[in-house]
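Student: sharing a model that was predicted from the sequence below.
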Amino acid sequence: MTVEITDRGGVRIVTISRPARRNAVDPSTAEALFEAFLAFDAEDGVSVAVLAGAGGHFCAGFDLTAVASGEARAWIARCAIPADWADAWAEPLPGPMGPTRLVLRKPVIAAIEGYAVAGGLELALWCDMRVAAETAVFGVYCRRWGVPLIDGGTIRLPRLVGEGRARDLILTGRRVEAAEAHAVGLVDRLVPEGEAVAQAVALAGELARLPQACLRADRASMGLDGGELARRLRREWRSLDVLEDEGTRGAARFVDGAGRGGAFD
């Protein structure tokens, strides 16, 4: 099982458990995450979720071995956005990383240790808040392999850090340390290494004790409405065209060992 679910009172903890891959998400894990958050949103007994990763890392993105082998092809096809998809609220649709196109009624907090890069960064951006260890690392690392951001990253990152900083991070794909991420607003709370989950669960507990109807109404008012989000995600999805050529070749380079130790070449 690559997605583990536990409840602590009104808090649900969803943990990506592929530590040997730094919790990189393959198609079956993406589907499990999508279903896990649909279930969370529908269940009355839990009010806030925490998304975490096992083994000292949050998520290293989509598993490029699945891209290089062709294993991901069917899942990516399932994630295709129909031209008439008009409302992300009313019509739930999975993203390649799983839940990244869902518009939930309830908040989700990311608990980030280690790497939150590429699609893993997009997962963190999808969450309402981000609690990160002081040693966490962020970055659009998929830039190195010709794999585009197709899980809302081009939409959500500018809303968090401003367009100028977002362009810097997206176009360069550079490594971003936790202190910088916190300074620019990508991370909400910095905590000592090893304490991200505990602190995120504590924060989630605080939110769960508040009047929920009011909290959810204010939260919904801050987000993009379902139609605007659907329109912008449709536009972002067009970048998938480069995955068939540049991205597949980049994924093959990654599988062959390029990039180990953080190298770009």
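Tutor: Good, I have the coordinates.
Student: which residue ranges of the protein form strands?
Tutor: If DSSP state E is used as the criterion, the strands of the chain fall at 3-8, 11-16, 48-53, 108-112, 115-117, 129-133, 137-139, 176-177, 189-191.
Student: for the third one, packing partners?
Tutor: Contact here means 3 or more C-beta pairs under 8 Å, 6 or more residues apart in numbering; DSSP states H and E; on that basis strand 48-53 packs against strand 11-16, strand 108-112, helix 196-208. In short, each C-beta sits where N, CA and C put it, glycine included.
Student: please, where are all the helices along this structure?
Tutor: Secondary structure of the chain by DSSP state H: the helices cover 27-42, 64-69, 73-78, 119-126, 153-161, 163-172, 178-184, 196-208, 212-222, 226-237, 246-255.
Student: those: lowest mean pLDDT?
Tutor: Taking each of the helices of the chain in turn, the one with the lowest mean pLDDT is helix 246-255, at a mean of 60.
Student: JSON lines for the strands of the chain, including mean neighbour count and distance to residue 157?
Tutor: Compiled in JSON lines, the strands of the chain are given as follows (neighbours: other C-beta atoms under 10 Å; distance: least, C-beta to C-beta, whole Å):
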{"stretch": "strand 3-8", "mean neighbour count": "15", "distance to residue 157": "25"}
{"stretch": "strand 11-16", "mean neighbour count": "23", "distance to residue 157": "20"}
{"stretch": "strand 48-53", "mean neighbour count": "28", "distance to residue 157": "17"}
{"stretch": "strand 108-112", "mean neighbour count": "28", "distance to residue 157": "14"}
{"stretch": "strand 115-117", "mean neighbour count": "27", "distance to residue 157": "12"}
{"stretch": "strand 129-133", "mean neighbour count": "26", "distance to residue 157": "12"}
{"stretch": "strand 137-139", "mean neighbour count": "25", "distance to residue 157": "10"}
{"stretch": "strand 176-177", "mean neighbour count": "18", "distance to residue 157": "11"}
{"stretch": "strand 189-191", "mean neighbour count": "19", "distance to residue 157": "18"}
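Student: ok, which of those comes nearest residue 22?
Tutor: Between residue 22 and the strands of the chain, the tightest spacing by C-beta to C-beta is seen for strand 115-117, at 5.7 Å.
Student: and the closest one, average pLDDT?
Tutor: When pLDDT is averaged over strand 115-117, the result is 98.
Student: could you say what helices and strands that strand packs with?
Tutor: Secondary elements touching strand 115-117 (3+ C-beta pairs under 8 Å, 6+ apart): strand 137-139.
Student: elements contacting the strand it packs on?
Tutor: Counting by 3+ C-beta pairs under 8 Å, 6+ apart, strand 137-139 packs on strand 115-117, helix 119-126, strand 176-177, helix 178-184.
Student: mind listing what it pairs with, with the direction of each?
Tutor: Counting by DSSP bridges, the strands paired with strand 137-139 are strand 115-117 (parallel), strand 176-177 (antiparallel).
Student: ok, which of the helices of the chain comes nearest residue 91?
Tutor: Evaluated over the helices of the chain, closeness to residue 91 peaks at helix 226-237, with 7.8 Å, by C-beta to C-beta.
Student: the inter-axis angle of that closest one versus helix 212-222?
Tutor: Calculated by axes from the mean of the first three to the mean of the last three C-alpha atoms, to 10 degrees, helix 226-237 forms an angle of 50 degrees with helix 212-222.
Student: contacts for helix 226-237, please.
Tutor: Counting by C-beta atoms under 8 Å, 6 or more residues apart in numbering, the neighbours of helix 226-237 from elsewhere in the structure are 80-81, 83, 85-91, 101, 103, 149-150, 152, 154-155, 223-224.
Student: out of the residues you listed, which are buried?
Tutor: With neighbours counted using 16 or more other C-beta atoms under 10 Å, the contacts of helix 226-237 contain these buried positions: 81, 85, 88-89, 101, 103, 149-150, 152, 154-155, 224.
Student: residue 155 and residue 226: what is the separation?
Tutor: Using C-beta to C-beta, to the nearest Å, one obtains 13 Å as the distance from residue 155 to residue 226.
Student: now do residue 151
Tutor: Plainly put, residue 151 is 17 Å away from residue 226 if you go by C-beta to C-beta.
Student: before we move on, what about residue 111?
Tutor: From residue 111 across to residue 226, the span is 27 Å (C-beta to C-beta).
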